[in-house]
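Enquirer: I need the structure of the sequence given here:
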Amino acid sequence: MELLKGRSAPEVWLLGAEYLAKRKEHEDFDVFLNVATPTVLSSADASVLRRVDSFLVEHGGLPVNTVAETIFPLEDYLRGGTREVFEVYPARMKEIHHSRADRRWGTYALRILRQKDHKGIVFNPLEGVLNKIRNHGNYKACHELSSGRPFEDDIPIYDGALDRKPTYGNLPCLSHVSIKVDNGRVRLNATYRSHYYMQRLLGNLIGLGRLQFFLAHESGLDVGPLTINSTYARLDTGANNGKCCHWGVDDISKLLAACRANYSEEVAA
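Expert: Sure thing, here's the model as predicted:
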């Protein structure tokens, strides 16, 4: 177990990757990451973000923004506000799923925007959380998960009806998101079942920060800290992804050294 704290998403990503790189099997359980300002980037942060994004794309991985958008569709929000997120995005994703063999792509964002209650009625968990923050923002943490379905300030991502049987591949890695209001700030805590720190972590941190930004902006609050519990964390090489990615331990080491140099240059300046 380890607790790693930093200012920004890129900085905390680097701390997490460096930590796992030093471990014998490049993995650990219960790695906690805390980002003080998840939506703020310094010039060094921006350089690290660009460097990681280029590395992933050049080695056959997904761009950082693609991973982030599967958690919260910021581009839709900036284009059309809450209506674009709540109505247009789910409808578009439904059309995309009809044309894909893997109909669970983009699962995270869809699960926080569309679920069914015990009566089979479709509802929007994220809209419900936003309304409760707007109407009951003076409550900090009095609402918890009930019967595996959204209740008050919590959003479950793992769905036993769909996810109880698979052991690998189609299982969602993001298991739970908990939102709290603390002295005018929206805090977010996310739990991951399994976490790839090369292909996913930086995009996950940015996507969750975007979700925080949405809730804070729509409720007139500020963005607070972001905390992640990676219940199983791995510094994945290309082979671990099981797809067309191709990077090894030496490639990762060079990337981490270059990113650390970005922060060293910022301090020196």
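Enquirer: from here on, contacts and neighbour counts on C-alpha atoms
Expert: Noted.
Enquirer: measure residue 245 to residue 211 for me?
Expert: As defined by Cα to Cα, to the nearest Å, residue 245 lies at a distance of 28 Å from residue 211.
Enquirer: If you count surrounding residues, which of these two has more?
Expert: Using other Cα atoms under 10 Å as the criterion, residue 245 and residue 211 rank with residue 211 on top: 23 against 19.
Enquirer: Make sure residue 204 is indeed in a helix.
Expert: Yes - under DSSP: H, G, I helix; E, B strand; the rest coil, residue 204 sits within a helix.
Enquirer: Give me the nearest residue to it, chain neighbours excluded.
Expert: Take residue 204 and drop its neighbours on the chain: the residue closest to it by Cα to Cα, 6 or more residues apart in numbering is residue 68, 5.5 Å away.
Enquirer: Name the helix or strand for that neighbour, please.
Expert: In this assignment (DSSP states H and E), residue 68 forms part of helix 64-69.
Enquirer: Would it be right to say that residue 30 lies in a strand?
Expert: Yes - assessed with three-state DSSP, residue 30 lies in a strand.
Enquirer: In contact with the residue nearest to residue 27 when sequence neighbours are not counted, which residues are there?
Expert: For residue 27, the nearest residue in space outside its immediate sequence neighbours is residue 234; the separation is 4.3 Å by Cα to Cα, 6+ apart. Counting by Cα atoms under 8 Å, 6 or more residues apart in numbering, residue 234 makes contact with 20, 26, 27, 28, 194, 195, 196, 197.
Enquirer: what's around residue 114, how many residues?
Expert: Residues near residue 114, counting by other Cα under 10 Å, number 16.
Enquirer: give me phi/psi at it?
Expert: The phi and psi torsions at residue 114 (degrees, to the nearest 10) take the values phi -150, psi 120.
Enquirer: coming back round to it: quickly note the distance from the residue nearest to residue 204 to residue 211.
Expert: 10 Å.
Enquirer: Mean confidence (pLDDT) on the helix holding residue 68, please.
Expert: Averaging pLDDT along helix 64-69 gives 94.
Enquirer: Next SSE downstream of it?
Expert: As assigned by DSSP H and E, the chain's next helix or strand after helix 64-69 is helix 74-83.
Enquirer: Please name every helix or strand in contact with the helix or strand following that following helix.
Expert: The C-terminal neighbour of helix 74-83 among helices and strands, as given by DSSP H and E, is helix 89-98. Secondary structure elements in contact with helix 89-98, counted by 3 or more Cα pairs under 8 Å, 6 or more residues apart in numbering; DSSP states H and E, are helix 107-113.
Enquirer: tell me what the helix it packs on is packed against?
Expert: For helix 107-113, the elements it packs on are helix 89-98, helix 125-135, judged by 3+ Cα pairs under 8 Å, 6+ apart.
Enquirer: rerun at 6 Å
Expert: helix 125-135 (3 or more Cα pairs under 6 Å, 6 or more residues apart in numbering; DSSP states H and E).
Enquirer: roughly how far out does the helix it packs on sit from the chain middle?
Expert: Relative to its parent chain, helix 125-135 has a centroid offset of 19 Å by Cα atoms, centre = their mean, to the nearest Å.
Enquirer: Check which residues of that helix are buried.
Expert: Buried residues in helix 125-135, counted by 16 or more other Cα atoms under 10 Å: 125, 126, 127, 128, 129, 130, 131, 133, 134.
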